[in-house]
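**Student:** Whatever this is, show me its structure:
(one chain, ligands or ions: 2)
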Amino acid sequence: MKHAINADHTVICELKGIQKSFDRETGHPLRVLEDINLDVRANEVVCLIGPSGCGKSTILRILAGLIEPTKGRTFYHGKEMEGLNPGVAIVFQNFALYPWMTVEANVKTVLQAQGLDDATIKAKAHRAISLVGLEGFEEAYPRELSGGMKQRVGMARALSVDPEILFMDEPFSHVDALTAEGLRAEILDIWDDAERNPSSILMVSHDIKEVVYMADRIVVLSANPGRLRTIVENPLPRPRDMRSPEFIRLVDQLHDIITSTELPDVEVTAPAPSLQPDIVEPLPPAPSSDILGLLEYLETQGGTADLFQVATATHVTFEKILASVKGAEMLDFVDTPKRQVVLTTLGQRFVRASMDERKDIWKAQLLELRLFRMVMEFIELHQGELKADELRSELQQRLPMENSEQTFDTLVTWGRFGELFAYREDREMITPE
Ligand code: ADP
Ligand code: MG
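**Tutor:** Ligands and ions are numbered 1, 2, ... in the order given. Purely as a prediction, here's the structure:
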């Protein structure tokens, strides 16, 4: 049992003060991670959760040694890392199998890369294949397998090298729910064998229940740039029962932590304009069509719904729903008391209106936001022809904490829908309607 109280919890690998930016054509680098400090210890399962694009996969890649941080240091057993992390094997979201190779050949690829002799390769591949329950499928090709079985191959391949730490990047997001449930339990069984590797698991997820089921420590990240929000210790004994009251309570708690970081508080708009005239509102990554979808869904629910319920019913990820809710709230179309989303009177009027009326209401709401007023002034300043890049760099300056590319994209969809301005992609030019 790995989770025993007296188990060894020495640090296996660690990130210190990590910052990561990616270069972009616009010249402004995209700041993805800011001051990340994180370790993975022996005999634990750590999960990373946070909105999409917040840098979870980037953290995983840096810790695996696949990419280098812009700033900060990475350690493996106390030594500064150079190149690949020798203790890590990764399971990817999209399985990453070679379609022209059999199951066995796919598993063998990583073992062959280690330069082992044929007999050892055969033995290790066989052991890994049986560990994930794929005995009898050695000669099958990926196309003959279900999503869950393909992910078993991905798991076998990673486990075959007997890694000290298993990294998994949203491994079950392309697997049906029931299969995912089984795979999670199986991977924990494999991990829990105290005599064997992997000693630890680091997993990226966007599913709160999955994280509560799997993790000893839950690392909550916020976006733009990605920062470590908080780390939640998970005290629930294993094996965990997703239906137990303690489990549901922890899911609720985590849910509240995530929503309180991602939903605007009482103050949606910027603080007193007279004091900080330059402040504009950051936009959530929610295109106008998503917000419309949300409002229409709420209308079918009598104007109110639980956030979780919306995510489940609409098959949209929780992060996307949060972004749409945030957007709708900025436009005064919804309120968000606790975990409920409620159409406001204006929101109700909006969904029930004709398309033309909708556009008018939307436009009026946009003009309530400083950001859109700023854009309109800016267009005027540029004699009605504003280059996209000029606006992007203005956004970068005004909203240094945001991803200006993303803000720009959202801004264009909102502006277009309200017919406030037009954006010509071919000329990269913003013009008044
Ligand atoms: P997550 O896994 O949390 O969804 P990622 O780590 O994949 O987020 O990406 C974080 C941000 O970094 C995203 O905005 C993404 O577009 C950007 N990004 C990731 N990899 C690269 C890259 N190689 N070049 C440029 N931008 C990248
Ligand atoms: Mg990712």
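**Student:** For the stretch 1-150 of the chain, which segments count as strands?
**Tutor:** Along the stretch 1-150 of the chain, the segments classed as strands by DSSP state E, counting those that start in this stretch run 11-22, 30-41, 45-49, 71-76, 79-80, 88-91.
**Student:** so can I have TSV of the ones you listed showing distance to Ser160, mean pLDDT and mean neighbour count?
**Tutor:** From N, CA and C alone the C-beta is placed, and that goes for glycine too. As requested, the strands of the stretch 1-150 of the chain are arranged in TSV below (distance: least, CB to CB, whole Å; pLDDT from 0 to 100; neighbours: other CB atoms under 10 Å):
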stretch	distance to Ser160	mean pLDDT	mean neighbour count
strand 11-22	20	96	19
strand 30-41	21	96	19
strand 45-49	20	97	26
strand 71-76	21	97	16
strand 79-80	25	96	9
strand 88-91	8	94	23
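**Student:** got CSV for the ones you listed, with distance to ligand 1 too?
**Tutor:** As requested, the strands of the stretch 1-150 of the chain are arranged in CSV below (distance: least, CB to the nearest ligand atom, whole Å):
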stretch, distance to ligand 1
strand 11-22, 3
strand 30-41, 4
strand 45-49, 8
strand 71-76, 15
strand 79-80, 23
strand 88-91, 13
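**Student:** export these to TSV and tack on distance to Pro284?
**Tutor:** As requested, the strands of the stretch 1-150 of the chain are arranged in TSV below (distance: least, CB to CB, whole Å):
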stretch	distance to Pro284
strand 11-22	21
strand 30-41	17
strand 45-49	18
strand 71-76	28
strand 79-80	38
strand 88-91	30
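**Student:** Gly148 is nearest to which of the ones you listed?
**Tutor:** For the strands of the stretch 1-150 of the chain, proximity to Gly148 was assessed by CB to CB; strand 88-91 is nearest, at 12.9 Å.
**Student:** Note down every partner strand of the closest one and its orientation.
**Tutor:** According to DSSP bridges, the neighbouring strands of strand 88-91, each with its direction, are strand 165-169 (parallel).
**Student:** Can the partner strand be said to contact ligand 1?
**Tutor:** No. Under the criterion of CB under 6 Å from any ligand atom, ligand 1 is not reached by strand 165-169; the shortest gap measures 7.3 Å.
**Student:** low pLDDT regions in the stretch 301-433 of the chain?
**Tutor:** Scanning the stretch 301-433 of the chain for pLDDT under 70 picks out 401.
**Student:** mind checking which helix or strand Thr413 is in?
**Tutor:** The secondary structure element spanning Thr413 is helix 404-417 (assigned by DSSP states H and E).
**Student:** relative orientation of that helix and strand 30-41 in degrees?
**Tutor:** Helix 404-417 runs at 130 degrees relative to strand 30-41, counting by axes from the mean of the first three to the mean of the last three CA atoms, to 10 degrees.
**Student:** which residues touch helix 404-417?
**Tutor:** The contact list for helix 404-417, computed with CB atoms under 8 Å, 6 or more residues apart in numbering, reads 24, 26, 28, 30, 53, 224, 282-289, 292, 327, 359, 362, 366, 371-372, 375, 388, 391-393, 395-396, 399, 420-423, 430.
**Student:** related to what we said a few turns ago, out of the strands of the stretch 1-150 of the chain, which gets nearest to Arg143?
**Tutor:** Taking CB to CB as the criterion, strand 88-91 is the member of the strands of the stretch 1-150 of the chain that comes nearest to Arg143, at 19.7 Å.
**Student:** How far away from the center of its chain is the closest one?
**Tutor:** The chain centroid and the centroid of strand 88-91 are separated by 19 Å, computed with CA atoms, centre = their mean, to the nearest Å.
**Student:** Likewise for stretch 420-433?
**Tutor:** Using CA atoms, centre = their mean, the distance from the centre of stretch 420-433 to the centre of the chain it belongs to is 31 Å.
**Student:** In three-state terms, label Pro163 for me.
**Tutor:** For Pro163, the secondary structure call by DSSP: H, G, I helix; E, B strand; the rest coil comes out as coil.
**Student:** How many neighbouring residues does it have?
**Tutor:** The burial count assigned to Pro163 is 21, neighbours taken as other CB atoms under 10 Å.
**Student:** my guess is it contacts Pro86, does it?
**Tutor:** No. Because the distance of 9.1 Å does not satisfy CB atoms under 8 Å, Pro163 is recorded as not touching Pro86.
**Student:** follow-up on the earlier one: list the buried residues in the helix holding Thr413.
**Tutor:** Residues of helix 404-417 classed as buried: Ser404, Gln406, Thr407, Phe408, Thr410, Leu411, Val412, Thr413, Trp414, Gly415, Arg416, Phe417 (neighbour count, 16 or more other CB atoms under 10 Å).
**Student:** which among those residues gets closest to ligand 1?
**Tutor:** Gln406 (7.1 Å; CB to the nearest ligand atom).
**Student:** Tell me which residues touch Arg229, please.
**Tutor:** So Arg229 contacts Gly50, Val220, Leu221, Ser222, Ile257, Thr261 (CB under 8 Å, 6+ apart).
**Student:** Surely the fourth one and Lys56 touch.
**Tutor:** No. Judged on CB under 8 Å, Ser222 makes no contact with Lys56 at a distance of 11.4 Å.
**Student:** which residues are common contacts for those two?
**Tutor:** Shared contacts of Ser222 and Lys56, defined by CB under 8 Å, 6+ apart, comprise Gly50.
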